[in-house]
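A.B. asks: sequence? don't have it. structure:
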């Protein structure tokens with residue numbers, strides 16, 4: 001069944017495999033919100049893989065965002081910068097579709113968006129992710145909700161791992177089966193995400209069950225990664241200790257949902273991208289994630305023929321450290337902070353020493369921040385691009401926020417990618433007066449990539465072209481991060497082979513613990 005549209009006032013109706021949905025025409029764009037792609041993951045389905053939704057009779061209203069996954073709120077320090085709406089309800093495995101031309105004849109490119117939020121926060125209802133501009137420019141935009149935190153990424157002996165990732169796979173399958181009725185081409189799907197959404201995108205690219213579902217991929221400020229299983233287990237065990245229950249899915253399922261969220265927030269408060277610590281993440285499970293996703297992609301075991309658009313912001317770390325005055329705090333800690341970063345990145349003294357030589361005017365916070373950013377993002381993305389030259393495109397977002405201290409921080413590029421720089425939620429990070437020219441440039445590049453596989457600049461090759469998107473005209477720099485990335489060779493990143501290695505490791509671990517106690521904030 002195609003969409004029914006006799007006038008701008010007539011609501012569009014599209015039939016999905018589970019029943020018909022009625023959306024809304026907004027500014028000439030057909031918008032469908034809150035469409036279930038899986039059954040509510042509660043009751044007997046809690047801590048179980050996603051199941052298909054129950055079919056419905058008649059026409060289901062899809063005019064409002066569906067329920068968001070259970071999640072704790074951001075701390076006050078981060079809430080001033082990051083929007084995170086809460087929509088109550090159990091039917092949280094839902095998605096939204098923006099399309100300019102519903103109906104199977106259109107065959108438009110599709111972009112599927114996975115939100116960020118450290119796998120513990122965020123949703124598709126964040127206003128910055130409004131898909132109208134993509135639909136306006138000929139791309140069907142699909143945004144997805146998935147299980148978060150312990151519900152989606154807890155590691156238990158009596159439940160499957162990576163449930164949130166399995167939700168995302170179920171949403172991708174829904175897109176493959178359903179998107180033609182909304183005007184999309186299931187053979188031209190771009191999977192895109194930022195931060196945790198980009199990590200998820202990388203994991204799905206490498207997942208055997210997702211092969212053939214994705215033609216292109218966008219990884220913004222996140223690299224394919226598998227978390228240490230013990231780190232995830234520690235999160236679950238610490239929660240279990242506070243709740244005085246066994247560390248099993250059965251026991252967790254019996255806990256009041258609000259109490260579970262409060263406990264999760266308390267346990268995760270001292271974890272951070274800079275300092276590490278126990279946290280939820282995608283893990284190797286022998287099934288959906290059979291091995292480390294980055295290595296699988298580098299080895300060419302998966303996602304052959306998939307074009308990649310990947311990048312970072314110049315000052316990622318500033319969103320992690322500016323709220324609450326943590327930049328100044330880390331600057332005061334000095335050598336202690338650098339030792340903590342060494343332990344976090346498992347590198348030897350040569351790496352931070354070389355960073356200080358390359359950037360002699362940088363303070364400890366900037367050195368620590370860029371060191372960790374390279375470890376988490378730039379080095380693995382360089383490795384992935386090196387393995388896929390000719391089909392990989394890299395960028396650096398370098399426009400500094402108009403708000404004090406944030407610089408070109410983590411998540412700042414989102415309003416530019418979605419061309420939503422004028423919504424109040426974008427101004428929380430960008431301040432007033434974000435340049436529309438940069439919105440046009442970035443959004444246009446993402447549209448071109450989803451449509452053709454080429455965002456408009458040189459593909460990765462031995463010269464290492466990186467598109468710089470900041471003040472003024474965009475330009476291509478060649479190897480702008482190569483000096484730092486070169487430091488992460490095996491020799492440079494191995495701890496010094498001196499006597500007392502175990503004592504040194506214990507000392508660094510103790511330093512990180514002291515630093516976490518001093519900082520005590522859970523970032524985005």
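C.D. replies: All right, it came through fine. Computed from a predicted model, the values in this text were never measured in an experiment.
A.B. asks: which residues does residue 393 contact?
C.D. replies: Residues in contact with residue 393 (Cβ atoms under 8 Å, 6 or more residues apart in numbering) are 307, 308, 309, 310, 449, 454, 455, 457, 458, 459, 460, 467. The C-beta positions use only the backbone N, C-alpha and C, and glycine is treated the same way.
A.B. asks: need these in TSV with neighbour count, can you?
C.D. replies: Converted to TSV, those look like this (neighbours: other Cβ atoms under 10 Å):
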residue	neighbour count
307	23
308	25
309	24
310	28
449	24
454	15
455	22
457	17
458	15
459	18
460	23
467	22
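A.B. asks: so where's the protein uncertain?
C.D. replies: Applying pLDDT under 70 to the chain picks out residues 1-9, 270, 272, 274-276, 490-524.
A.B. asks: what about the strands in it?
C.D. replies: All strands of the chain, identified by DSSP state E, fall at 13-16, 19-22, 24-26, 29-36, 59-61, 94-99, 108-114, 140-144, 184-194, 216-220, 307-313, 392-397, 465-469, 475-478.
A.B. asks: out of those strands, flag the one nearest residue 343.
C.D. replies: strand 307-313 (22.5 Å; Cβ to Cβ).
A.B. asks: which other residues reach that closest one?
C.D. replies: So strand 307-313 is contacted by 215-221, 223, 373, 377-378, 381, 384-385, 388, 391-398, 408-413, 446, 449, 453-455, 466-467 (Cβ under 8 Å, 6+ apart).
A.B. asks: which among those residues count as buried?
C.D. replies: 215-221, 223, 373, 377-378, 381, 384-385, 388, 391-398, 408-413, 446, 449, 453, 455, 466-467 (16 or more other Cβ atoms under 10 Å).
A.B. asks: identify, from the contacts of residue 393, the entry nearest to residue 317.
C.D. replies: Using Cβ to Cβ, the contacts of residue 393 come closest to residue 317 at residue 310, 18.4 Å.
A.B. asks: list the contacts for the residue nearest to the closest one when sequence neighbours are not counted?
C.D. replies: Once flanking residues are discounted, residue 310 sits nearest to residue 219: 4.4 Å by Cβ to Cβ, 6 or more residues apart in numbering. For residue 219, the contact set (Cβ under 8 Å, 6+ apart) comprises 192, 193, 198, 201, 202, 308, 309, 310, 311, 381.
A.B. asks: beta partners for residue 219?
C.D. replies: The partner list for residue 219 in beta bridges (DSSP bridges) reads residue 193, residue 310.
A.B. asks: hmm, who's touching stretch 421-434?
C.D. replies: 80-83, 126-128, 130, 319, 399, 401-403, 406, 409, 411-412, 414-416, 420, 435-436, 439.
A.B. asks: redo that, cut-off 10 Å
C.D. replies: 79-85, 126-130, 319, 399-404, 406, 409-416, 418-420, 435-436, 438-440, 442-443 (Cβ atoms under 10 Å, 6 or more residues apart in numbering).
A.B. asks: relative to residue 147, how far out is residue 54?
C.D. replies: Using Cβ to Cβ, to the nearest Å, residue 54 is found at 18 Å from residue 147.
A.B. asks: quick one: which of these two has more around it?
C.D. replies: A side-by-side neighbour count of residue 54 and residue 147, using other Cβ atoms under 10 Å, places residue 147 first with 27 against 10.
A.B. asks: residue 67 is in contact with that one, correct?
C.D. replies: No - at 11.7 Å, residue 147 does not count as touching residue 67 under the criterion of Cβ atoms under 10 Å.
A.B. asks: who touches both of these two?
C.D. replies: 92, 93.
A.B. asks: just to revisit the earlier point, need the contacts of residue 393 in TSV (columns: distance to residue 98).
C.D. replies: Below are the contacts of residue 393 laid out as TSV (distance: Cβ to Cβ, whole Å):
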residue	distance to residue 98
307	22
308	24
309	20
310	24
449	17
454	23
455	20
457	26
458	30
459	29
460	30
467	26
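A.B. asks: and stretch 123-136, what's buried?
C.D. replies: 123-126, 128-136.
A.B. asks: kindly report the same for stretch 278-290.
C.D. replies: Within stretch 278-290, judged by 16+ other Cβ under 10 Å, the buried ones are 278, 279, 280, 281, 282, 283, 284, 285, 288, 289.
A.B. asks: swap in stretch 335-349?
C.D. replies: 336, 337, 338, 339, 340, 341, 342, 343, 344, 345, 347, 348.
A.B. asks: do the same with stretch 229-243
C.D. replies: 231, 232, 233, 234, 235, 236, 237, 238, 239, 240, 243.
A.B. asks: which of these lies at the shortest distance from residue 185?
C.D. replies: residue 232 (36.9 Å).
A.B. asks: just checking, that closest one touches residue 268?
C.D. replies: No - using Cβ under 10 Å, residue 232 is not in contact with residue 268, being 11.4 Å away.
A.B. asks: quick one: common contacting residues for these two?
C.D. replies: 150, 278, 279, 280.
A.B. asks: do you know how far the first one is from residue 245?
C.D. replies: Computed with Cβ to Cβ, the distance linking residue 150 and residue 245 is 12 Å.
A.B. asks: the third one now?
C.D. replies: Using Cβ to Cβ, we find residue 279 at a distance of 21 Å from residue 245.
A.B. asks: what does residue 349 give?
C.D. replies: On the measure of Cβ to Cβ, residue 349 and residue 245 end up 43 Å apart.
A.B. asks: where along the stretch 151-300 of the chain do the helices fall?
C.D. replies: Here the stretch 151-300 of the chain has its helices, by DSSP state H, counting those that start in this stretch, at 163-178, 196-206, 229-243, 249-253, 257-268, 293-298.
A.B. asks: nearest residue to residue 488 other than its sequence neighbours?
C.D. replies: residue 379 (4.8 Å).
A.B. asks: was I right about residue 387 contacting residue 300?
C.D. replies: Yes - between residue 387 and residue 300 there is a contact under Cβ under 10 Å: 7.1 Å.
A.B. asks: neighbour count winner among the two?
C.D. replies: residue 387 (15 against 10).
A.B. asks: contact partners for the more buried one?
C.D. replies: 294, 295, 297, 298, 299, 300, 460.
A.B. asks: ditto for residue 291
C.D. replies: 206, 226, 284, 299, 301, 302.
A.B. asks: can you add distance to residue 171 and give these back as CSV?
C.D. replies: Output for the contacts of residue 291, formatted as CSV (distance: Cβ to Cβ, whole Å):
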residue, distance to residue 171
206, 17
226, 21
284, 22
299, 27
301, 23
302, 19
